[in-house]
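>>> No letters, just coordinates:
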């Protein structure tokens, strides 16, 4: 029961943290000018609820992790046990800092919803969201190595998380735009949507390259050999994760080299033709989001089992 709860808490925390980072990063690269106000209001609400979910799921993750370490949920109410985890384990120290950052993010995003945020405040949110997501590297399997291998693993894991946040989290505002809710079509030329798509694709190239490179480093450190990959539970779940990731890559490639060019060409032929291609693109983006959730679920399970290396 504790193990299942830990997987669920981890999954919700990964979803919240990646969405928070991706939504915070989105206006930094997606627009040639100012962010449309309709999208800005929606995005600020997403940031707030993602920050709240990150805080709540993070606290649940901590409670269940303590119960897993001590052997039962009853020990979670023992101040001595909880204090010992907080003070004497790397997980406890990292998690205390992370929950402080999550609390600050809730306050900052609540302030954003209540007032029109400045550019500097958006940068603060992006910095805090990046820190919350990247710091997950300090509480996972990257802690099993020591010395330079440990530093390389933490750095690779942090970069992997940030790239995943930029891509997976960025799909949420992109999908909102493609659903026609952002007010871009009504207030701006259709070419602005094409510009957003192209800039998202450019970011996606960098994110995918980072994910592949850091994923190879992490896999080498946690799996070690083809035999371990094929014959361990960890390796088999990792292969499922890679299959979901490959599906996302296939959809992203289809978007970039087929649907986006077709959408640009159809824009010169009338609104009706553009709507057909935009509908196909929406379906692909939603499918990417679905596969991304399966990737995060796989990661949530992998974090609760022993790495394949050495088995």
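Perfect, I can see it now. Just so we're clear, the structure is a prediction, and the values are computed from it rather than from any experiment. Residues are numbered from 1 along each chain as shown.
>>> Which strand or helix spans residue 295?
Residue 295 belongs to helix 271-302 when elements are defined using DSSP states H and E.
>>> So which other helices or strands are in contact with that helix?
Packing partners of helix 271-302 (3 or more Cβ pairs under 8 Å, 6 or more residues apart in numbering; DSSP states H and E): helix 2-29, helix 170-178, helix 190-222, helix 233-254, helix 260-266. For every residue, glycine as well, the C-beta is placed using N, CA and C.
>>> Pipe these into CSV and attach mean neighbour count per row.
Formatted as CSV, the helices and strands packed on helix 271-302 follow (neighbours: other Cβ atoms under 10 Å):
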stretch, mean neighbour count
helix 2-29, 22
helix 170-178, 22
helix 190-222, 17
helix 233-254, 17
helix 260-266, 17
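>>> Go through those helices and name the closest to residue 276.
Closest to residue 276 of the helices and strands packed on helix 271-302 is helix 260-266 (Cβ to Cβ; 7.2 Å).
>>> circling back: can you tell me which of the helices and strands packed on helix 271-302 has the worst average pLDDT?
Note on these: helix 260-266 shows the lowest mean pLDDT, a mean of 74.
>>> Touching that one from outside, list them.
Contacting residues not belonging to helix 260-266 are listed as 194, 197-198, 201, 273-274, 276-278, 281 [Cβ atoms under 8 Å, 6 or more residues apart in numbering].
>>> Those residues into JSON lines, with extra columns for distance to residue 103?
Formatted as JSON lines, these follow (distance: Cβ to Cβ, whole Å):
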{"residue": "194", "distance to residue 103": "40"}
{"residue": "197", "distance to residue 103": "35"}
{"residue": "198", "distance to residue 103": "37"}
{"residue": "201", "distance to residue 103": "35"}
{"residue": "273", "distance to residue 103": "49"}
{"residue": "274", "distance to residue 103": "44"}
{"residue": "276", "distance to residue 103": "46"}
{"residue": "277", "distance to residue 103": "43"}
{"residue": "278", "distance to residue 103": "39"}
{"residue": "281", "distance to residue 103": "38"}
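>>> Can you tell me which of those residues lies closest to residue 115?
residue 197 (30.3 Å).
>>> Residue 231 versus the closest residue to that closest one other than its chain neighbours, what's the distance?
Distances taken as Cβ to Cβ, 6 or more residues apart in numbering place residue 260 nearest to residue 197, at 5.1 Å, with adjacent residues excluded. Taking Cβ to Cβ, to the nearest Å as the measure, residue 260 falls 41 Å from residue 231.
>>> Ok, residue 309 next?
12 Å.
>>> okay, the two: which has more neighbours?
residue 309 (20 against 12; other Cβ atoms under 10 Å).
>>> ok, now which ones touch the more buried one?
Residue 309 touches 221-225, 228, counting by Cβ under 8 Å, 6+ apart.
>>> and if you look at residue 43?
So residue 43 contacts 23, 26-27, 35, 173, 176 (Cβ under 8 Å, 6+ apart).
>>> what about 6 Å?
Residues near residue 43 by Cβ atoms under 6 Å, 6 or more residues apart in numbering: 23, 173.
>>> Check which helix or strand it maps to.
Per DSSP H and E: residue 43 is located in helix 37-70.
>>> Next secondary structure after that helix?
By DSSP H and E, the next helix or strand past helix 37-70 is helix 79-88.
>>> Which positions within that following helix qualify as buried?
81-82, 85 (16 or more other Cβ atoms under 10 Å).
>>> Nearest to residue 69 among those residues?
residue 85 (6.4 Å).
>>> Not counting its neighbours along the chain, what's nearest the closest one?
Nearest-residue entry for residue 85: residue 92, 4.4 Å, with adjacent residues in sequence omitted and distances by Cβ to Cβ, 6+ apart.
>>> just checking, that neighbour touches residue 86?
Yes. Residue 92 is within contact range of residue 86, at 4.0 Å (criterion: Cβ atoms under 6 Å).
>>> List the buried residues for the strand or helix carrying residue 123?
Secondary structure assigned from DSSP H and E places residue 123 in helix 119-134. Buried positions in helix 119-134, judged by neighbour count with 16+ other Cβ under 10 Å: 122, 124-126, 128-134.
>>> same deal with stretch 285-301?
For stretch 285-301, by 16+ other Cβ under 10 Å, it's 285, 288-289, 291-301.
>>> any chance of the residues you listed in CSV, with distance to residue 139 and pLDDT too?
Below are the buried residues of stretch 285-301 laid out as CSV (distance: Cβ to Cβ, whole Å; pLDDT from 0 to 100):
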residue, distance to residue 139, pLDDT
285, 31, 90
288, 27, 93
289, 25, 93
291, 25, 96
292, 21, 95
293, 21, 96
294, 22, 96
295, 19, 96
296, 16, 96
297, 18, 96
298, 18, 95
299, 13, 93
300, 13, 94
301, 16, 94
